[in-house]
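In: Just to be clear, the model below is a prediction. Sequence and coordinates:
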Amino acid sequence: MRFVPLRRVLLGALAAAVFAPMMAHAQAPAAVTPIKFVLDWKLQGIHAWYYLAMDKGYFAQEKIDLTVDQGDGSANAVTKVMAGTYQASFGDVNAIVQAAATRPDQAPVMVYMLYNTAPYAIMTKASSNIRTVKDLQGKTIGSPAGGAAYKMFSVLAEKNGIDPSKVTWTNMAPNLQEQMLLRDQVEASAVFTVTSYMNLVAQNVDPDKDIRWINYSENGIDLYGNGVLVSRQLIKEKPQVVAGLVRAINKGVRDAIANPDAAIDALAKREPLINKDLEKRRLMYALKNVVLTPEAMKNGVGDVNDERFARSIDQLAKAFELTAKPAAKDVFDRSFLPPVAERQFSVK
């Protein structure tokens with residue numbers, strides 16, 4: 001039997017004691033981070049990329065356990081993150097600006113701008129005498145209480161020189177906006193075009209012939225819209241998780257554009273009663289009208305134009321008489337975006 005000096009045995013034991021925990025730590029898999037995510041609305045084609053990314057394992061690859069809940073308004077999606085109920089959401093950047101003016105330490109941060117053009121509009125019947133923004137004075141407009149188009153109406157009114165106090169508002173359930181207009185229970189409705197356009201199609205109404213659209217973007221409101229926002233706490237404590245969340249969603253958007261049928265199939269797994277043809281048409285409408293704009297094609301989906309974004313904050317500050325005007329960097333953070341080449345898409 002070979003004799004091993006006691007000194008060597010002790011040194012070996014010491015080395016094992018020191019390096020074993022380090023080896024175990026190095027080999028241990030990264031912990032999975034649970035993230036609660038709330039949408040802006042009920043499940044629709046415009047949410048399909050989240051579920052496609054989930055089914056393809058993109059969140060799992062980033063060590064994220066994502067739970068997605070339906071929402072009740074893109075502005076409310078912001079307040080739910082502020083309340084701590086959710087760590088992330090698909091919400092309205094303009095609501096973030098307003099929140100940051102009064103509660104800068106609590107306001108969430110936009111990290112992936114999906115709607116390069118805010119899809120806000122006033123819709124009315126084509127037979128209506130409402131043809132311009134100014135024609136809305138003295139009229140009754142419907143909207144859910146948490147709707148972003150309703151919350152942004154004062155900006156539209158200010159820009160077009162009308163008195164918002166001379167407009168009567170009727171609060172209604174989200175699923176009744178189109179019905180109440182068609183039944184003449186309201187004279188107009190403040191809507192998200194990507195939602196209402198296809199809801200009208202589902203009710204056998206031609207949204208191009210039977211409905212008149214007064215788009216905010218065509219009446220002096222150069223605002224961005226919805227995107228992925230996260231809490232400041234998540235950015236501070238787990239910036240790598242935020243980057244992973246954005247990467248996974250970006251891949252989902254990429255794949256939804258390349259194969260919209262697969263995206264709608266992923267959505268239908270969660271909501272089997274959806275009309276797949278209608279929701280695919282809604283998805284394509286959103287992509288072509290508010291996501292893949294010329295600006296987004298140049299800068300990549302998820303980013304903003306700094307000058308335009310600064311102008312939009314100025315508009316909001318003036319219209320809402322904000323006590324403080326937040327800096328763009330306090331509202332939007334592009335540092336988590338994948339490279340531009342990975343965010344430049346086109347619809348086939």
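Out: On my side now, so go ahead.
In: In CSV, list the C-alpha atoms belonging to stretch 252-267.
Out: This file holds the C-alpha atoms of stretch 252-267, laid out as CSV (Å, rounded to 0.1, in the frame of the first residue of the first chain):
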residue,chain,number,x,y,z
GLY,A,252,-42.6,35.8,-31.3
VAL,A,253,-43.4,38.9,-33.4
ARG,A,254,-40.9,37.7,-36.0
ASP,A,255,-42.5,34.3,-36.3
ALA,A,256,-46.1,35.7,-36.3
ILE,A,257,-45.2,37.8,-39.3
ALA,A,258,-43.6,34.9,-41.1
ASN,A,259,-46.4,32.5,-40.2
PRO,A,260,-49.6,34.2,-39.1
ASP,A,261,-51.6,30.9,-39.2
ALA,A,262,-49.3,29.4,-36.6
ALA,A,263,-49.7,32.4,-34.5
ILE,A,264,-53.5,32.3,-34.6
ASP,A,265,-53.3,28.5,-33.9
ALA,A,266,-51.3,29.3,-30.7
LEU,A,267,-54.0,31.8,-29.7
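In: can you list contacts of it?
Out: 43-45, 47-56, 58, 114, 274, 276, 279-280, 283-284, 287, 291-292, 301, 342, 345-348 (Cβ atoms under 8 Å, 6 or more residues apart in numbering). The C-beta positions use only the backbone N, C-alpha and C, and glycine is treated the same way.
In: Next step: those residues restricted to helices.
Out: Secondary structure defined by DSSP state H assigns 48-55, 58, 276, 279-280, 283-284 of the contacts of stretch 252-267 to helices.
In: Can you turn the buried part of the residues you listed into a ChimeraX selection?
Out: Paste this into ChimeraX to select the buried members of those, with burial taken from 16 or more other Cβ atoms under 10 Å:
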select :48,49,50,51,52,53,54,55,58,279,280,283,284
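In: Would you format the ones in helices among the contacts of stretch 252-267 as JSON lines with pLDDT and distance to residue 179 included?
Out: Output for the ones in helices among the contacts of stretch 252-267, formatted as JSON lines (pLDDT from 0 to 100; distance: Cβ to Cβ, whole Å):
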{"residue": "48", "pLDDT": "98", "distance to residue 179": "25"}
{"residue": "49", "pLDDT": "98", "distance to residue 179": "29"}
{"residue": "50", "pLDDT": "98", "distance to residue 179": "28"}
{"residue": "51", "pLDDT": "98", "distance to residue 179": "28"}
{"residue": "52", "pLDDT": "98", "distance to residue 179": "31"}
{"residue": "53", "pLDDT": "98", "distance to residue 179": "33"}
{"residue": "54", "pLDDT": "98", "distance to residue 179": "32"}
{"residue": "55", "pLDDT": "98", "distance to residue 179": "33"}
{"residue": "58", "pLDDT": "98", "distance to residue 179": "37"}
{"residue": "276", "pLDDT": "96", "distance to residue 179": "22"}
{"residue": "279", "pLDDT": "94", "distance to residue 179": "19"}
{"residue": "280", "pLDDT": "96", "distance to residue 179": "23"}
{"residue": "283", "pLDDT": "96", "distance to residue 179": "23"}
{"residue": "284", "pLDDT": "96", "distance to residue 179": "24"}
